[in-house]
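Enquirer: Give me a model of this one.
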Amino acid sequence: NTNNDQSSSAGVETSQDVTLVLLRLLMEWIPKAPSVISAVLSSPNSVSLGFLLQKSNKGNSSSASPPSVQSMTGVLLGLCMEYMEADDDVGGWSISSIMNLINVGLGIGKFTQLLEGLKRTISNSDQYDSG
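Expert: Down below sits the predicted model:
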C-alpha cells in the first residue's frame, strides 16, 4: 500500500509539472502570437483556467518556492487581458470577466505581486542573455 501512496503522489506532482509547462508555453507564445488568445479562450476547455485560478495552493506561499499553477494561470489570463480589445468577447471571456475572476481567485494585491515578480525574473533573464 505504501508503493501505491508513493506512485499516486508522484502522479500528482507530474500532473502539476505538465500543467506548469503548458501554462509557461502559452505565456511565452501569447506575446509573439496574440491570435493564440482566441484559440485558448474560445476552447470549451478554457473553463479549466477558471478552476485552476481558484484552486488554492496550500502551504506554497513562500517567495522562494516555484510558481504555483494558480499564479501561472493568473499571469496567463493577465496576458490575455493585455492583448484583448476593451469590447472583445472571446468564447464568453472579456477583460472584465477575467479581471473579476482574478480578483476572486487571487486578489488584486497578490496578482500585482506576481506581475512584479515576473518582471524581475524577466529583467534578470534579459541581463544574463545580453551579458
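
Enquirer: for the residue positioned nearest the centre of the chain, what are its contacts?
Expert: Closest to where the C-alpha atoms of the chain average out (Cα atoms, centre = their mean) is residue 73, at 1.8 Å. Applying Cβ atoms under 8 Å, 6 or more residues apart in numbering to residue 73 gives the contacts 23, 49, 52, 53, 105. (Each C-beta comes from the backbone N, C-alpha and C, glycine too.)

Enquirer: And residue 84, by the same measure?
Expert: 37, 90, 94, 95.

Enquirer: one step back: which secondary structure element contains the residue nearest to the centre of the chain?
Expert: Secondary structure assignment for residue 73, by DSSP states H and E: helix 69-83.

Enquirer: hmm, back to that, among the contacts of residue 73, which are in helices?
Expert: 23, 49, 52, 53, 105 (DSSP state H).

Enquirer: Nearest to residue 41 among the contacts of residue 73?
Expert: residue 49 (8.2 Å; Cβ to Cβ).
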